[in-house]
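Chemist: Pasting the sequence and the predicted coordinates here, then a few questions.
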Amino acid sequence: MDRLLIEGGNKLNGKVNISGFKNAALPIISASLLAADKCTIENIPSIRDVYILMDIMKGMGAEVKYNNGTMDIDTSKINTHKAPYELAKKLRASYYLMGGTIGRFKTCEITYPGGCDIGTRPIDQHIKGFEALGCSVEIQHGVIKCVASELLGTNIYLDVVSVGATINIMLASVLAKGRTVIENAAKEPHIVDTANFLNAMGADVRGAGTDVIKINGVEKLHGCTYSVIPDQIEAGTYMIATAATGGDVIINNVIPKHLESITAKLKEMGVEVVEYDDSIKVAVKSPLKNINIKTLPYPGFPTDLQQPITALLSMVSGTSIVTESIFEGRFKYVDELKRMGAKIKVEGRTSIIDGVNRLSGAKVSATDLRAGASFVIAGLMADGVTEVEDVYHIDRGYERIEQKFIGLGAKIKRISE
Ligand code: EPZ
């Protein structure tokens, strides 16, 4: 298992380029199933989850070439609705193959999805949508089997604002007969990106980015060329790391609008943030102030940056309160930060952070990719050397993380075993 060794105390300075968005690339690659044709998808990040999904699609019969961020995928020869069990289990986003295979074959057999250990990861809203479209669904031996004689458009009201369920119902309904309306839909930018990709393939999806999405079923889809949006969570991670080290960094290849909640909270702390067309400048010119944060669905503060910003707040004087309203189990990493000297108390879905003057480097183990990112940030702030184990979690969603941080002046190296 690879490890990262981080020597703290260096301010981050310079420029960093943000990669394509993992949580948009994964549903878009899965959605290419629906075209039964050739698609060229650009700006795909070179991360573990992409390679796992690529292997799954190849295992189902797709022809895939991927280099230098561009994927050519031909799904015309896919002739199975089953995803390879062992691979699909490794990836939360394998659940998008349910929507893709149901949309194309009216049937699916996909293992219960894996994913980060951040709480229970139900898929009841996905299943509610599939059943509403006409699927009969059974779960046997950890495999979800859906079968429909016909897919008929319908109205679906999501009980919970769910990114995955919103996207999966879009995938399952683009080739259904008639109109499907998803109400209480999630509004994340990656939902808009997936809808734009579906429309580039000839679908008719309207309203993505609002809480009502209308899908008019079409007869057939075709291949297309598409470019994935930049990763706002990766960008937010580098914004927070810059603030954490008192640095001054320009973050390139971003869509500033997607970063508004992070920008607002960093400005509230006294960080200088300047937005340009496709980049954002972050600099620390004065001592930072403690704040309170509550994670919410987009456009609220993203749950995926709760862990990174907690690392930053652990060394901001005063008390900060972070409330995690999305995933009940997303505070497991706090114990590791406390081993570095952080003073954090977790009560239910709230963490109370009393800022300390110093953190000390320690050996910590990543439990999920955003926890791993928070340990890297804590290591950049700490005295001495921090050793982050289980780096494969981080590699799932952060492309070339040590190279990008080294480019900003960090002292970080990977020990590969
Ligand atoms: C996606 O997970 C992301 N993963 C997560 O990113 C992200 O944290 C999350 O959306 C929220 O933005 C991918 O895109 C692969 P949800 P997903 O369905 O789709 C409940 C990362 O770090 N819920 O929006 O699983 C659920 O328990 C990862 O990149 C149901 O109750 O999230 C949670 O409380 C971590 N029933 C809430 O909804 C369902 O059927 C939001 O979950 C589905 C979800």
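Modeler: Nice, thanks for sending it over. Numbering: from 1, shown residues only.

Chemist: which helices and strands sit right next to the helix or strand bottoming out on mean pLDDT in the chain?
Modeler: Least confident helix or strand of the chain, by mean pLDDT, DSSP states H and E, is helix 85-88 with a mean of 90. Helix 85-88 sits against helix 48-59, strand 107-111, with contacts defined as 3 or more C-beta pairs under 8 Å, 6 or more residues apart in numbering; DSSP states H and E. Backbone N, C-alpha and C define where each C-beta goes, glycine included.

Chemist: Next secondary structure after that helix?
Modeler: Downstream of helix 85-88, the first helix or strand assigned by DSSP states H and E is helix 96-105.

Chemist: Just give me the neighbour total for the closest residue to the ligand within the chain.
Modeler: Residue nearest to the ligand within the chain: G164 (2.8 Å; C-beta to the nearest ligand atom). Residues within reach of G164, counting by other C-beta atoms under 10 Å, total 24.

Chemist: Okay, and it sits in which element?
Modeler: Going by DSSP H and E, G164 is in helix 163-173.

Chemist: Spell out which parts of the stretch 1-150 of the chain neighbour the ligand.
Modeler: For the stretch 1-150 of the chain, the residues in contact with the ligand (C-beta under 6 Å from any ligand atom) are 23, 26, 92-93, 116, 120-126.

Chemist: Inside helices: which ones of those?
Modeler: Among these, DSSP state H puts 23, 26, 124-126 in helices.

Chemist: Among these, the buried ones, what's the PyMOL command?
Modeler: Selecting the buried subset of those in PyMOL, with 16 or more other C-beta atoms under 10 Å as the burial test, is done by:
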select buried, resi 23+26+125+126
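
Chemist: CA atoms only: put stretch 319-329 into PDB for me.
Modeler: Taking C-alpha atoms only, stretch 319-329 is exported to PDB below (Å, rounded to 0.1, in the frame of the first residue of the first chain):
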ATOM      1  CA  THR A 319     -14.300  27.700  18.300                       C
ATOM      2  CA  SER A 320     -15.800  26.500  15.000                       C
ATOM      3  CA  ILE A 321     -18.800  24.300  14.600                       C
ATOM      4  CA  VAL A 322     -19.300  22.000  11.600                       C
ATOM      5  CA  THR A 323     -22.600  20.300  11.100                       C
ATOM      6  CA  GLU A 324     -22.700  17.300   8.600                       C
ATOM      7  CA  SER A 325     -26.300  17.000   7.400                       C
ATOM      8  CA  ILE A 326     -25.700  14.600   4.500                       C
ATOM      9  CA  PHE A 327     -23.800  11.600   5.800                       C
ATOM     10  CA  GLU A 328     -24.100  10.500   9.500                       C
ATOM     11  CA  GLY A 329     -20.800   8.600   9.500                       C
END
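
Chemist: Report the buried residues of it.
Modeler: Buried residues in stretch 319-329, counted by 16+ other C-beta under 10 Å: 320, 322, 324, 326-327.

Chemist: Within reach of the ligand, which of these are there?
Modeler: Applying C-beta under 6 Å from any ligand atom, the subset of the buried residues of stretch 319-329 adjacent to the ligand comprises 326-327.

Chemist: Inside helices: which ones of the buried residues of stretch 319-329?
Modeler: Among the buried residues of stretch 319-329, no member falls in helices (DSSP H).

Chemist: With pLDDT as added columns, please give the buried residues of stretch 319-329 in JSON lines.
Modeler: Converted to JSON lines, the buried residues of stretch 319-329 look like this (pLDDT from 0 to 100):
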{"residue": "S320", "pLDDT": "98"}
{"residue": "V322", "pLDDT": "98"}
{"residue": "E324", "pLDDT": "98"}
{"residue": "I326", "pLDDT": "96"}
{"residue": "F327", "pLDDT": "94"}
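
Chemist: Show me the strands in the stretch 301-417 of the chain, by range?
Modeler: Secondary structure of the stretch 301-417 of the chain (DSSP state E, counting those that start in this stretch): strands at 319-324, 343-347, 350-354, 363-365, 385-389, 411-415.

Chemist: Can you lay out these as TSV showing distance to D37?
Modeler: TSV is the format used below for the strands of the stretch 301-417 of the chain (distance: least, C-beta to C-beta, whole Å):
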stretch	distance to D37
strand 319-324	41
strand 343-347	49
strand 350-354	48
strand 363-365	44
strand 385-389	42
strand 411-415	39
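
Chemist: can you tell which of the ones you listed is closest to I144?
Modeler: Closest to I144 of the strands of the stretch 301-417 of the chain is strand 319-324 (C-beta to C-beta; 27.3 Å).

Chemist: And for the closest one, what's in contact with it?
Modeler: Applying C-beta atoms under 8 Å, 6 or more residues apart in numbering, the contact partners of strand 319-324 are 290-295, 303, 306, 309-310, 313, 330-331, 349-355.
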